[in-house]
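> Structure of the sequence below:
(chains A and B)
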Amino acid sequence: MSKTEGEDHRPGHGPQVSRAHLIAALGACAIILAVLDISVGSVRIPPAAVWETLIGRAPRPEWATIIFIFRLPKMLTAVLAGASLSVAGLVLQSIFRNPLAAPDSLGIGAGASIGVAVLMFAGGALGAVGAGAQGIGTQGSAILGNLPPLGYTLLVVAASIGAAVVLIIILLISRKFEQVVTVLIMGLLVGYLTSSIVSLLVYFGSPQKVQLYLSWTYGSFGGVRTNELPYLAGAALIGLALVAGDIKALNAFLIGERFASTIGIRVRASRTRLLIAASILAGSVTAFCGPIAFLGIAAPHAACLLSRSAEHRILLPTTALSGICFALLADVLSALPGSGAVLPINPLLALIGSPIIISMFFHRDRGSLAEGTE
Amino acid sequence: MSPEQSPRHIPGIPDVSKPLGNLLGQAKGPAPGPETGERRTEQNQAAPPVVLEASSLAIGWKQGRNLQILARDIDFRVAAGHLIALVGPNGAGKSTLLRTVAGLQAPCGGSLTLRGRNVALISVEERASLLACVFNERIEAGYLTVWEFVAFGRYPYTNAHNRLTGEDRRHIATALALVGMELFGERTFSSLSDGERQKVQIARAVAQNTPLLVFDEPTAFLDAPSRIEIFRLAERLVQEAGKTVLLCTHEVDLALKTADELWVIDREHRFTAGSPFVVARSGAIGRAFDLPTVAFDVMSGTFRARGPQR
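Here you go, the predicted structure:
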């Protein structure tokens, strides 16, 4: 290796301008996709009309109804879910120093699933109460909206409790054990434990209930109503603020925990805060939208490949924006068939996301930065 | 071959006033050497402050409620501006002692003070401004650049958003220049050779601007010239930057030549400290390392196979 600046290692410390450009480009991408997301659906609304409606000059009043009651909340849910899940994934990948760590590997998704499964399979009486109290979920959601005996709110509560219980177990484990790998293994085991309980419940469940449960596992951004959005947004803001406050710890954790503690990071306190943040981010989205695993694992890789940085001040916004773009893109494609049919989010995300990220890895090895964007 | 002397404990405090001469040839005695001699005269005029002090220190782990003590009765006093090398066979407790000094592991007994204060009671943040460590671990840093890595040394001083001030940048640049890596700032850390990585790690510790530096086997995995380079660098940190350096190493011969003071932990976990010359003469190195087939030769300062002489 020569001592001078060669051409192949320059990206490691790319000029700040190009990273600002990257963030701006991702932001623009997200805005275009957001408008597109509102525009497509069973009723096509031209993007220009979407814009006019949003600024209060709706060309047609029925479009305003569609946009403000169904599509805008759905778009905002996709944005919040994209940002929350991807940042949760980034946090977990960094603190566990493991590129395969994701909200799922801590059993958070499994915890939410067990909450929902218990509610659906074991809680027949509860389900009836839920139906009476809450009615049926949003009309905008093709999947969750069709859950007959279950209140959507009850579903969210069950998923939140499930995720929270797993989170508390993981936090107790992480207080007890110094080694972060141990925490990761314990998280995986708790995940297996919960998913085995879920699969037992599914095994003994009636076919209709299994159908219902499976439809929840497909994921959807359409179930969140306008009056529920503040909860999701609040959880996302709290989680993101916690993460933003521990940027230095995240950078140092990437090297190692012992290293972090020698440069003045309170390792356990930071790790606990970050685990809580990741759980709030992932748990809230899973509760409202179903288990959307892909974003948490894929978006951080996309952000890392795009920004070529290990500095979380850059990785955090890039990851959140990548996650938002992936979520919106999947939501746009899910509505593409038109005529009211909606494709499930989870398979779509992996279907479009995996090839994009695989191709980014190929581009990285060719040393080109720009091509990976779209 | 090896001098079979009584396993007497050598007092931990180096007596710099005593004229010892350099009988060992290579081992660093207190008298000769123009730079070191000058430094020592200064120190004799105004006694250098004690950076690190231990009395009856016991090191080990806590396993549940049980204390697993590895070594006890450790006494030392480290004056500012010294290079201390810690040697001993594998498993003797070198790394445990370094981790205890670094505050990463609680002492199991006795007292350990850093600048007169109990190490266990110094906060994580403040400790990071008093001592910097380089531990021997594999670092996988992806896209992290050398500059960004050295900037970790400024973490104890930067705000929550990790914004570097002009002073921070100056410290980083100076540290990189000190280890001769100033042209490597833009490179990614993962593209460096092992020797370059070690120098960058040391630069990171220097950027932390602490009076005490602790290096855990800084020469492991390095080729022979790089090992000498690292020891020379440690020496310069003491002489030019006025640091106190504590390092543990398997390079007994380099440690004898370079260090101001040698610490030995032997297989029975007994701790011995003194000037390299005195420690080598006392037979402590032989006691620590000798095997039925290999023995430390005091005169040459190296290890030799025992057996019929050819």
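> ranges for the helices of chain B?
B:34-45, B:94-101, B:124-127, B:146-151, B:166-178, B:194-207, B:224-239, B:252-258, B:276-282, B:284-289 (DSSP state H).
> Average pLDDT for the longest one, rounded please.
Okay, so that is helix B:224-239. Averaged across helix B:224-239, the pLDDT comes to 93.
> and that helix, C-alpha only, in PDB?
In PDB, the C-alpha atoms belonging to helix B:224-239 read as follows (Å, rounded to 0.1, in the frame of the first residue of the first chain):
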ATOM      1  CA  ALA B 224      10.500  -8.200  14.100                       C
ATOM      2  CA  PRO B 225      11.200  -4.600  12.800                       C
ATOM      3  CA  SER B 226       7.700  -3.500  13.700                       C
ATOM      4  CA  ARG B 227       8.100  -4.800  17.200                       C
ATOM      5  CA  ILE B 228      11.300  -2.800  17.600                       C
ATOM      6  CA  GLU B 229       9.500   0.200  16.100                       C
ATOM      7  CA  ILE B 230       6.700   0.000  18.600                       C
ATOM      8  CA  PHE B 231       9.100  -0.200  21.600                       C
ATOM      9  CA  ARG B 232      11.000   2.800  20.200                       C
ATOM     10  CA  LEU B 233       7.700   4.600  19.900                       C
ATOM     11  CA  ALA B 234       6.800   3.800  23.500                       C
ATOM     12  CA  GLU B 235      10.200   5.100  24.500                       C
ATOM     13  CA  ARG B 236       9.600   8.300  22.500                       C
ATOM     14  CA  LEU B 237       6.200   8.800  24.100                       C
ATOM     15  CA  VAL B 238       8.000   8.800  27.500                       C
ATOM     16  CA  GLN B 239      10.900  11.000  26.400                       C
END
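> next one: that helix to chain centre, how far?
Helix B:224-239 sits 12 Å away from the centroid of its parent chain (CA atoms, centre = their mean, to the nearest Å).
> Could you find the closest non-adjacent residue to residue A:111?
Nearest residue to residue A:111 in three dimensions, chain neighbours excluded: residue A:166, at 3.0 Å (CB to CB, 6 or more residues apart in numbering or on different chains). Placement of C-beta: from N, CA and C, glycine included.
> would you say that neighbour is within a strand?
No: Residue A:166: not assigned to a strand; according to DSSP: H, G, I helix; E, B strand; the rest coil it is helix.
> Quick check: which of the helices of chain B is nearest to residue A:245?
Taking CB to CB, helix B:124-127 is the member of the helices of chain B nearest to residue A:245, at 15.4 Å.
> Okay, buried residues for that closest one please.
Taking 16 or more other CB atoms under 10 Å in any protein chain shown as the basis for neighbour counts, the residues of helix B:124-127 that come out buried are B:124, B:127.
> cool, stretch A:224-232 as well?
Along stretch A:224-232, these residues count as buried under the neighbour rule (16+ other CB under 10 Å): A:224-225, A:228-229, A:232.
> Among the residues you listed, which one lies nearest to residue A:258?
Checking these against residue A:258 by CB to CB gives residue A:232 as the nearest, at 37.1 Å.
> Helix, strand, or coil at that closest one?
helix.
> my guess is it meets residue A:281, correct?
No: using CB atoms under 8 Å, residue A:232 is not in contact with residue A:281; the gap is 10.3 Å.
> Near chain A, which residues of the stretch 101-250 of chain B are found?
Taking CB under 8 Å from any CB of the partner chain, the part of the stretch 101-250 of chain B that reaches chain A is made up of B:102, B:104, B:124-125, B:127-129, B:132-133, B:135, B:137, B:139-145, B:147-149, B:152-153, B:155-156, B:158, B:160-162, B:183-188, B:191-193, B:208.
> Repeat the analysis, applying 6 Å as the threshold.
Residues of the stretch 101-250 of chain B lying close to chain A (CB under 6 Å from any CB of the partner chain) are B:124-125, B:128, B:133, B:139, B:141-145, B:152, B:155-156, B:162, B:183, B:186-188, B:191.
> burial measure for residue 257, as a count.
Unless you meant another one, I'm taking chain A. Around residue A:257 sit 21 other residues, with neighbours defined as other CB atoms under 10 Å in any protein chain shown.
> ah, no, chain B please
That count, for residue B:257 with other CB under 10 Å as the rule, works out to 19.
> ok, now residue A:100?
A count of nearby residues for residue A:100, using other CB under 10 Å, gives 11.
> How about it, nearest residue that isn't a chain neighbour?
Residue A:100 sits nearest to residue A:297 (CB to CB, 6+ apart), 7.1 Å away.
> hang on, that neighbour in a strand?
No: assigned with three-state DSSP, residue A:297 falls outside any strand and is helix.
> What separation do you get for residue B:151 and residue B:133?
Summarising the geometry, the distance separating residue B:151 from residue B:133, computed by CB to CB, to the nearest Å, is 17 Å.
> Which one's more surrounded, those two?
Set side by side, residue B:151 and residue B:133 give different neighbour counts by other CB under 10 Å, the larger being at residue B:133 (27 against 24).
> That one pairs with what?
Each beta-bridge partner of residue B:133 is listed here: residue B:214, as defined by DSSP bridges.
> Which residues are in contact with it?
Residues near residue B:133 by CB atoms under 6 Å, 6 or more residues apart in numbering or on different chains: A:262, B:102, B:214.
> Which member of those is positioned nearest residue A:275?
Within the set of the contacts of residue B:133, residue A:262 lies nearest residue A:275; the separation is 21.6 Å, counting by CB to CB.
> Neighbours of residue B:221, how many?
If you count neighbours by other CB under 10 Å, residue B:221 ends up with 14.
> list the buried ones in stretch A:263-281?
With burial defined by 16+ other CB under 10 Å, the residues of stretch A:263-281 counted as buried are A:263-265, A:267, A:270-271, A:273-281.
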